[in-house]
Structure formats: structure tokens, C-alpha cells
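**Student:** Fold the stuff below for me.
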Amino acid sequence: MRFFSIAQMMINAVTKPRQHILLQEIPPGRMIDIGGGGEGVIARVGGPRVVPVDKYLSEIHEARGNAPAAHWMVADATTLPCNQQSFDHATAFFSCMYMPADVQRKVFRETYRVLKPNGEFWVWDVDMASKSKVCAVRLHVALPDKQIINTIYGVRAKDQSADGLSRLLQEAGFETEIITDQKRWFLIKAKKAA
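**Tutor:** Numbering: from 1, shown residues only. You can find the predicted model right below:
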């Protein structure tokens, strides 16, 4: 990304209100976390029962120190090196924003494949429009152990919404429900049928 775009993104992030997320729970059981590098938010909460997947080793190196008990995996989430029905549940914490729609579609199908029947896929992400050029969201995430993570996620903007991601999840076979739809972020809970 060019310097100008990065500067626009940072200005966008600091001029918008900080978004507060109280992460009180994540799904129980063995879980795969799509795009789990960076801050390793889900791995910090779930520890050894979480398999955070990221295709960038640098992102895993950044996160591993905050959640050493997690089972880190370098992999492309469009072709996970996992057997069918390997996980009870799945999460994606502000990682879909970094994927084009065709990649999201593949990732959702692959996540569906590796989930057990009745497995849930929780997706936190942002609404954005391509006309904005850049999208950045400044987060204040409170974890169950009272740790606070302050971070900024930013990308070149594209058209993305809770409804749009919900439709892609449904195409992959999930039943979806938009649980939280704030002005700048949302949480979708999707379920694989029994």
C-alpha cells in the first residue's frame, strides 16, 4: 500500500470514535481461528483449544508471544490442511476485511468443511464502502481476564456489509444470524446444520 493510502487510513482511524468490544466469550471446544495472527485476540481468550491460522508467518510471530499455548498454523484458509469435521467451532476476528469477496467465498466453504455438524462460525468485521478509498477501525477490546487490546485495523476500502457476508456464509451452507450490528462493526454467528 502506498504511503498516501497508509496516511489516509491512519487519519481515518484516529478521526473516528474508538469502537469498544467486550469479548466475554468465544465458542467452547476445539476451535479454528481464521486470520488469527497479529494481535491473536481469539488465541488469548481460548489458549490451547484454539488453532489460529494465518498465511503470513510474520503475523503469527507477532501474536504467538501473547498466546503461547495456542496451536499456531501457517496456512492459506482457502485450502486448510485439516480433515473434514476437525473442529467444534470457528472464528474470524476482523480478518474478512482483508479478503476479496472471491477469497471470502472460498474461506467460508473451507471453514464449513472443517466444522463438525452444529459447529458455529463467529465473524466480527466492519461495514465499508469502496467509495471511501480506505477503511480503518480503531478498537478497544476488553478480554474476559480484564486485559485490554487497543489496535487499529485498516485496508483499502471495498464494498462489504454484514448482510453481504451473511449471504456468502449462506451460500457456503451456513444458517446465519447477525447478532450485533454497530455503526462501524458487526458480529455474525453462523451455524453448520446437523
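**Student:** What residues sit buried inside the helix or strand where residue 136 lies?
**Tutor:** Assessed by DSSP states H and E, residue 136 sits inside strand 134-142. For strand 134-142, a neighbour-count test (16 or more other CB atoms under 10 Å) marks 134, 135, 136, 137, 138, 139, 141 as buried. All C-beta atoms are positioned from the backbone trio N, CA, C, and that covers glycine.
**Student:** Just give me the closest of these to residue 84.
**Tutor:** Closest approach to residue 84 among the buried residues of strand 134-142 (CB to CB): residue 141, at 31.9 Å.
**Student:** ok, the spatially closest residue to that closest one that is not a sequence neighbour - contacts?
**Tutor:** In space, and not counting its chain neighbours, residue 141 is closest to residue 149: 4.3 Å by CB to CB, 6 or more residues apart in numbering. Counting by CB atoms under 8 Å, 6 or more residues apart in numbering, residue 149 touches 39, 41, 44, 139, 140, 141, 143.
**Student:** Could you list everything the fourth one pairs with in the sheet?
**Tutor:** With DSSP bridges applied, residue 139 shows beta-bridge pairing to residue 19, residue 151.
**Student:** any low-confidence regions in this structure?
**Tutor:** Low-confidence segments of the chain (pLDDT under 70): 1-17.
**Student:** need the helices for it, in chain order.
**Tutor:** Under the criterion DSSP state H, the chain contains helices at 3-15, 41-46, 57-64, 101-114, 162-171.
**Student:** Now do the last one: everything it contacts.
**Tutor:** Counting contacts by CB under 8 Å, 6+ apart, the residues outside helix 162-171 that touch it are 96, 101, 104-105, 108, 121, 123, 125, 127, 176, 178, 181, 186, 188, 190.
**Student:** what angle sits between that helix and helix 101-114?
**Tutor:** Helix 162-171 and helix 101-114 are oriented at 50 degrees to each other (axes from the mean of the first three to the mean of the last three CA atoms, to 10 degrees).
**Student:** where's residue 52 relative to residue 37, distance?
**Tutor:** Taking CB to CB, to the nearest Å as the measure, residue 52 falls 7 Å from residue 37.
**Student:** Ignore what I typed, I meant residue 176.
**Tutor:** With CB to CB as the criterion, residue 176 and residue 37 are 25 Å apart.
**Student:** cool, residue 112 as well?
**Tutor:** 22 Å.
**Student:** Neighbour count for the two, which is higher?
**Tutor:** Set residue 112 next to residue 37 and count neighbours by other CB atoms under 10 Å: residue 37 wins out with 23 against 20.
**Student:** wouldn't the more buried one be in contact with residue 62 here?
**Tutor:** Yes - at 6.3 Å, residue 37 counts as touching residue 62 under the criterion of CB atoms under 8 Å.
**Student:** Please state the offset of stretch 123-137 from the chain centre?
**Tutor:** Distance of stretch 123-137 from the chain centroid (CA atoms, centre = their mean, to the nearest Å) equals 13 Å.
**Student:** could we number from 45 for the rest of this?
**Tutor:** Sounds good: first residue 45 from here, last item stretch 167-181.
**Student:** how about it as PDB, C-alpha atoms only?
**Tutor:** Provided in PDB are the C-alpha atoms of stretch 167-181 (Å, rounded to 0.1, in the frame of the first residue of the first chain):
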ATOM      1  CA  VAL A 167     -17.400 -13.500  12.400                       C
ATOM      2  CA  TRP A 168     -16.500 -10.000  13.700                       C
ATOM      3  CA  ASP A 169     -15.900  -7.400  11.000                       C
ATOM      4  CA  VAL A 170     -16.600  -4.000   9.600                       C
ATOM      5  CA  ASP A 171     -19.100  -2.300   7.200                       C
ATOM      6  CA  MET A 172     -17.300  -0.400   4.500                       C
ATOM      7  CA  ALA A 173     -17.800   1.100   1.000                       C
ATOM      8  CA  SER A 174     -15.300   1.300  -1.800                       C
ATOM      9  CA  LYS A 175     -16.100   4.900  -2.400                       C
ATOM     10  CA  SER A 176     -14.300   5.700   0.900                       C
ATOM     11  CA  LYS A 177     -11.000   4.600  -0.600                       C
ATOM     12  CA  VAL A 178      -9.600   3.400   2.800                       C
ATOM     13  CA  CYS A 179     -11.200   1.800   5.800                       C
ATOM     14  CA  ALA A 180      -9.800   1.800   9.300                       C
ATOM     15  CA  VAL A 181     -11.300   0.900  12.600                       C
END
